[in-house]
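Asks: Fold the following.
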Amino acid sequence: MKNQDWLVGLDIGSSKIGVVIAEIQDNLEPKIIGIGLAPSLGLKRGVVVDLEKTVSAISKAIEDAEMMAGVKITSVLAGIAGDHIKSINSRGVVAVSGSHNEIKVKDVNRVIEAAKNVAIPQEREIIHILPLDFTVDEQDGIQNPLGMSGMRLEASVHIVTGASTPAQNIYKCIQKVGLKVDEIVLEPLASSYAVLSPEEQNLGVILIDLGGGTTDIAIFYEGGLRYTSVLGIGGQNVTNDIAIGLRTPVSQAEMLKKGYGCALASLVDADELVTVQNVGGAENREISRQVLANIIEPRMEELFSLVNREVKKTGLAPFMAAGVVLTGGGSLLEGVVQMAEQVLDLPVKLGRPQRFIDLHDLAQSPIFATSLGLVLYGLDQKNNFGYNHKNNKKRFYRFKETMKDWFNEYF
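Replies: Below you'll find the predicted structure:
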């Protein structure tokens, strides 16, 4: 098997490193042949803070995926997040240069180059330039202008930027593992390929990726990505609140959150008890599960209030006919959908990679949304000119074996 026969998605998160290896079939559809998962110890709020620990975690996840797939990979598509991510919308215009005024690929490339001609601080770099729509002369709302006739071509684009240093450190970590980086991809954009349908993106939808160190927001409307933002708050903040509130080790707090946590105290039976391990080896004690929920609820309410503030300042909230889709590991917390509905005042659902036929339950978890989406993103780039980021029809097939025990060890 040649290296170009597969794509690899690498999700470098604050709480976990996820890897998906997908073999490209003759029909250009990807078949999952390997997955890897490892706890992430070297990142904080999506940014590398310990190079060696991050390299070690990436290496472990890659090794597990390679062992399952029976292949040796050489390059990856890597996700990037962090509260340094910023985005702006811009427009560009050019005169059509082809014969008979027919719009060709070079015209599209020129107008996108013109649209990205905005002032970007020296310490930042462009991660994505995502076309939203085109205008040919006076006709607007065009998704693909190729082959059309016109004198004047305009493009509306969404530009995603990030601080240069975090991106460089991601490159460095991957290179230290001995791999090349095919592309750095914004994580909520990647996740959208796995959990959003074209209909949702056209109607208007908010994708919220609840990670360990960050909460990623992506707003889609009329088929394009209109707004992106990354908040420096996530599931680890909830874990820390539990550890402090119950005076228990962080590892125990994480276990309590995943096993017994709830985002809404009103959904919990006050008579249900859970055992809490004390700091310093003191005798364990029992508390009401509602006490645990009362610690979690304020933090989750704060998180969605911050999301709501971001959404409202865009002015797009009234157009979100498809509501909200939650994904990421934090979306598995009981009561999180109901909490989000209360704060955001929009219909909310859990986003899983369900559009992929014969996909095993292990990879259907929202935890793998970014890794799976990175593979779909990479395949989309192979099949298009490079400016069309709207192909969501790719599917995954069942991978050969499961690793449920290993999955439960971390999640």
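Asks: Next, the nearest residue in space to Ala115 that is not next to it in sequence: secondary structure please.
Replies: Once flanking residues are discounted, Ala115 sits nearest to Gly92: 3.0 Å by CB to CB, 6 or more residues apart in numbering. (Each C-beta comes from the backbone N, C-alpha and C, glycine too.) Three-state call for Gly92 (DSSP: H, G, I helix; E, B strand; the rest coil): strand.
Asks: what's the domain layout of this structure?
Replies: 86-161, 198-351 (automatic domain parsing).
Asks: Adding mean neighbour count, write those domains out as TSV.
Replies: What follows is the domains of the chain, written out as TSV (neighbours: other CB atoms under 10 Å):
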stretch	mean neighbour count
domain 86-161	16
domain 198-351	19
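Asks: Tell me which of those domains sits nearest to Ala65.
Replies: domain 198-351 (18.3 Å; CB to CB).
Asks: Straight-line length of the closest one, end to end?
Replies: 14 Å (CA to CA, to the nearest Å).
Asks: How far off centre is it?
Replies: 15 Å (CA atoms, centre = their mean, to the nearest Å).
Asks: The residue nearest to Ala115 and Asn117 touch, don't they?
Replies: Yes: between Gly92 and Asn117 a contact is recorded at 6.9 Å, counting by CB atoms under 8 Å.
Asks: Show me the helices in the stretch 301-411 of the chain, by range?
Replies: 336-344, 361-364, 369-383, 404-410 (DSSP state H, counting those that start in this stretch).
Asks: next one: the chain
Replies: 51-69, 105-115, 164-176, 187-195, 198-203, 235-246, 250-260, 289-314, 336-344, 361-364, 369-383, 404-410 (DSSP state H).
Asks: Take the ones you listed and write them to JSON lines, including distance to Gln25 and mean pLDDT.
Replies: Formatted as JSON lines, those follow (distance: least, CB to CB, whole Å; pLDDT from 0 to 100):
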{"stretch": "helix 51-69", "distance to Gln25": "14", "mean pLDDT": "94"}
{"stretch": "helix 105-115", "distance to Gln25": "27", "mean pLDDT": "92"}
{"stretch": "helix 164-176", "distance to Gln25": "26", "mean pLDDT": "93"}
{"stretch": "helix 187-195", "distance to Gln25": "18", "mean pLDDT": "93"}
{"stretch": "helix 198-203", "distance to Gln25": "22", "mean pLDDT": "94"}
{"stretch": "helix 235-246", "distance to Gln25": "35", "mean pLDDT": "95"}
{"stretch": "helix 250-260", "distance to Gln25": "36", "mean pLDDT": "94"}
{"stretch": "helix 289-314", "distance to Gln25": "38", "mean pLDDT": "96"}
{"stretch": "helix 336-344", "distance to Gln25": "35", "mean pLDDT": "97"}
{"stretch": "helix 361-364", "distance to Gln25": "17", "mean pLDDT": "60"}
{"stretch": "helix 369-383", "distance to Gln25": "11", "mean pLDDT": "87"}
{"stretch": "helix 404-410", "distance to Gln25": "25", "mean pLDDT": "40"}
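Asks: Out of those helices, the one nearest His84 is which?
Replies: helix 164-176 (5.8 Å).
Asks: The closest one: which residues count as buried?
Replies: 166-167, 169-170, 173-174 (16 or more other CB atoms under 10 Å).
Asks: Which secondary structure elements does that helix sit against?
Replies: Identification of packing neighbours for helix 164-176 by 3 or more CB pairs under 8 Å, 6 or more residues apart in numbering; DSSP states H and E yields strand 6-12, strand 47-48, helix 51-69, strand 75-80, strand 124-136, strand 180-186.
Asks: Out of the ones you listed, which is closest to Glu283?
Replies: helix 51-69 (33.5 Å).
Asks: Report the angle between the closest one and strand 6-12.
Replies: Computed with axes from the mean of the first three to the mean of the last three CA atoms, to 10 degrees, the direction of helix 51-69 lies at 140 degrees from that of strand 6-12.
Asks: Pull out the buried residues from helix 51-69.
Replies: Of the residues in helix 51-69, those buried (16+ other CB under 10 Å) are 53-62, 64-66, 68-69.
Asks: same thing with stretch 25-45?
Replies: Buried-residue list, stretch 25-45, by 16+ other CB under 10 Å: 29-40, 42-45.
Asks: quick one: which two of those residues are the most distant?
Replies: Farthest pair in the buried residues of stretch 25-45, by CB to CB: Glu29 and Lys44, 37.2 Å.
Asks: Could I get the helices of the chain in CSV, plus columns for distance to Leu267?
Replies: Formatted as CSV, the helices of the chain follow (distance: least, CB to CB, whole Å):
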stretch, distance to Leu267
helix 51-69, 34
helix 105-115, 47
helix 164-176, 37
helix 187-195, 24
helix 198-203, 27
helix 235-246, 16
helix 250-260, 12
helix 289-314, 8
helix 336-344, 7
helix 361-364, 24
helix 369-383, 24
helix 404-410, 24
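Asks: mind checking which of these is nearest Tyr221?
Replies: Closest among the helices of the chain, using CB to CB: helix 198-203, at 7.7 Å.
Asks: Which one of the buried residues of helix 164-176 is nearest to Leu231?
Replies: Of the buried residues of helix 164-176, the one sitting nearest to Leu231 (CB to CB) turns out to be Pro166, at 15.5 Å.
Asks: show me what contacts that closest one?
Replies: 46-48, 80, 82, 84 (CB atoms under 8 Å, 6 or more residues apart in numbering).
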